[in-house]
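Student: Sequence plus the predicted model coming up.
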Amino acid sequence: MVKRVTNIVLVFALMLSLCPGALSQSNCYPNTPNVLDCEVDTLARDILNRVATETVGDKVSAGIARVMFFTIADALTDIKGMGAQCSFQAYQHLGETARTDKQIGASAKSGGSTSLVEKPGFAQLLGFAIERGAIKQSVDSTTLTLSTSPYALIATANRKDTAQLYQDYSFFSRFGVSASFNISDTNNPLANVSRKQLTEWSVRARLTGDRSSRGADFRKFWLDHIRVAAGTPASLENRGEGLIVTSGSVFATLASDLGRTGVPNSLTDQITDYIAKNPNDTFDTKVLRIKQIILCSMRTLVYEPVKKNPTMIPEATRTEITTKILPALAATPAEIEKAKNLLDQELKNLENKPESTFEYTNHREAMGSDYSELKLLYRMNADRLKLNFNANVSLYNNPNKALNQEKIRDYTIALSFEGGTKNPLNRGMDLEKITYSFAGSYERLKENENMVMRKPDIASVQFRLEFPIALGLSIPVAYTYSNNTEMMMKKENKFNVGLHLDIDKLYEIARGSK
């Protein structure tokens, strides 16, 4: 079991290593314009994503003309402030930060849980939670919960997590796994994780479509609507690169040679050589290095010659670039705003889609009999509130007749209404909200039937707040009232508090910020 937990922690570390940091500017192309940096970044990633099926030369030849256009434009005039159409790509990652459907912490029946009702969503990369308290139990616990998915393991094995990889292995994102541990030292929780502390483990299977902004439905929306709404910049860039390639034999030949092996200083040769000699570099390290190679070539072979001698570009072409194409590119915020409005509406539609999950949870009881729980979790939009519904049955693995146990342990139904409000701590692209919910549950505990000082019917109500304090990091606080507990006929008032970390949100914003 310790080995298993160690593997989970290693996955956590590897997931963090996948999170891309800010891309540095090229040392040999200082103050690279944002729009040029974006085009080079796109080309570098396209080369790496397609290197198994297409040659480096093919990808360089296909993408170098647009890179050359913006390099020449930078030499002819100031384009440092341009790049709105590039940075707009980041908005496709916003949807992940707005999600409130994930169950990051332990299940409702686990000691320490802050949730009376469970949500159907789960972490696809990694979720981490520490919670203190109890809901239907007499003794408070401190619980550590780690959650991930098979897709996270695939991304780790491939040392990258790209849109194409997600589409290729989207089936594995339908499943989630988690494990909860009763820990004694909350200052160093992972040091206390062992088989003895394991209180439950669970497996989830999503029954409905993908509600994330990485799913096929959202991807189709992006391609069909956002690219159309923001199509003016793309068409202008296409016009610009066409002018450069056809404006004279110097640049037409150069564009061809940059993708041809055997030509001195060929980008193809440099990039191919780097990839072959550095197979163990991470995906993002490779992107940075290939960007350096491309930008250095553009600076030496294109920017500096044009800067020194602008007449290399025919006068008519220079005039069209500086007086028509570049001003038009800079005047496209209206199209971008239109696309943003469409995107905002689609994110709301995505959040309001119904979602259902089937879950199997195995509870390990230190002072009782282990049991399994089969659950159906459902979530839907109810006007401005989100409705979460749980229905589950628990079965003893080996019922103890001396304790009045039968095969069926209990039946439980639970319902919550959840709302949200703007978080004043949010910055930039973070759409996380402060969420609040009111929940109620009813449990029929079969073994308490005809037992002295116990009741089989357990009813609970809960009010819960979750405060985001940083991107992906939140503090849930819950107050729960129960008419009695599972072990004794006694009314209970419980306060629970926790700390939740959702790596998915951190990763998507890291991708978007690039």
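Tutor: Everything's here; your move. Worth saying up front: this structure is predicted, and the values here are computed from it rather than measured.
Student: List the buried residues of stretch 162-171.
Tutor: 165, 166, 170 (16 or more other CB atoms under 10 Å). (Glycine included, C-beta is placed from N, CA and C.)
Student: Looking at the last one now. What's its pLDDT?
Tutor: Okay, so that is residue 170. pLDDT, the model's per-residue confidence, is 86 for residue 170.
Student: before we move on, what about the first one?
Tutor: Looking at residue 165, its pLDDT reads 81.
Student: That one sits in which helix or strand?
Tutor: helix 163-168 (DSSP states H and E).
Student: Residues touching stretch 241-257, excluding its own?
Tutor: 61, 64-66, 68-69, 72, 263, 266, 301-302, 312-314, 317, 320-321, 325 (CB atoms under 8 Å, 6 or more residues apart in numbering).
Student: Repeat the analysis, applying 7 Å as the threshold.
Tutor: 64-66, 68-69, 72, 263, 266, 301, 312-314, 317, 320-321 (CB atoms under 7 Å, 6 or more residues apart in numbering).
Student: and those residues, which of them are in helices?
Tutor: Per DSSP state H, helices hold the following members of those: 64, 65, 66, 68, 69, 72, 317, 320.
Student: For ChimeraX, write a command that selects the buried ones of the residues you listed.
Tutor: Here is the ChimeraX command that picks out the buried ones among those, judged by 16+ other CB under 10 Å:
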select :64,65,66,68,69,72,317,320
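Student: ok, so of the ones in helices among the contacts of stretch 241-257, who is nearest residue 114?
Tutor: Nearest to residue 114 among the ones in helices among the contacts of stretch 241-257, counting by CB to CB, is residue 66 at 50.3 Å.
Student: Tell me, how many residues neighbour residue 357?
Tutor: 24 (other CB atoms under 10 Å).
Student: Do I have it right that it meets residue 204?
Tutor: Yes: between residue 357 and residue 204 there is a contact under CB atoms under 7 Å: 5.2 Å.
Student: just the strands in the stretch 101-250 of the chain please.
Tutor: For the stretch 101-250 of the chain, the strands defined by DSSP state E, counting those that start in this stretch cover 127-133, 141-148, 175-182, 198-206.
Student: With the stretch 251-400 of the chain instead?
Tutor: Listed in chain order, the strands of the stretch 251-400 of the chain (DSSP E, counting those that start in this stretch) span 355-363, 371-382, 385-396.
Student: quick one: contacts of the helix or strand following the last one?
Tutor: In this case it means strand 385-396. Sequence order places strand 408-422 as the next helix or strand after strand 385-396, per DSSP H and E. With contact meaning CB under 7 Å, 6+ apart, strand 408-422 is reached by 100, 108, 116-117, 371, 382, 384-396, 433-447.
Student: what do you get for stretch 298-307?
Tutor: The contact list for stretch 298-307 (CB under 7 Å, 6+ apart) reads 28, 29, 67, 68, 71, 72, 74, 75, 76, 254, 312, 313.
Student: pLDDT check: weakest of these?
Tutor: pLDDT is lowest at residue 254 among the contacts of stretch 298-307; the value there is 82.
Student: Please report the distance of residue 347 from residue 337.
Tutor: Residue 347 sits 15 Å away from residue 337, going by CB to CB, to the nearest Å.
Student: Look at those two and report which has more neighbours.
Tutor: Higher neighbour count among residue 347 and residue 337: residue 347, with 21 against 14, using other CB under 10 Å.
Student: Does the more buried one touch residue 99 like I think?
Tutor: No: with contacts counted by CB under 7 Å, residue 347 stays clear of residue 99, the gap being 9.7 Å.
Student: related to what we said a few turns ago, and which of the contacts of stretch 298-307 is nearest to residue 224?
Tutor: Ranked by distance to residue 224 (CB to CB), these are led by residue 67 at 26.9 Å.
Student: tell me the contacts of the closest one?
Tutor: The contact partners of residue 67, taken as CB under 7 Å, 6+ apart, are 39, 40, 43, 294, 298.
Student: Roughly how far does the residue lying closest to the fourth one once chain neighbours are set aside sit from residue 128?
Tutor: With sequence-adjacent residues excluded and distances taken as CB to CB, 6 or more residues apart in numbering, residue 294 is closest to residue 40, at 5.0 Å. Shown here: residue 40 relative to residue 128, a distance of 35 Å by CB to CB.
Student: For those two, indicate the residue with more neighbours.
Tutor: More crowded of residue 40 and residue 128, by other CB under 10 Å: residue 40, with 28 against 22.
Student: Can you give me the pLDDT of the more buried one?
Tutor: Predicted confidence (pLDDT) for residue 40: 89.
Student: which residue lies farthest from the center of this protein?
Tutor: Ranked by distance from the centre of the chain (CA atoms, centre = their mean), the top residue is residue 452, with 50.3 Å.
Student: could you say which helix or strand contains residue 468?
Tutor: Counting by DSSP H and E, the element that carries residue 468 is strand 457-470.
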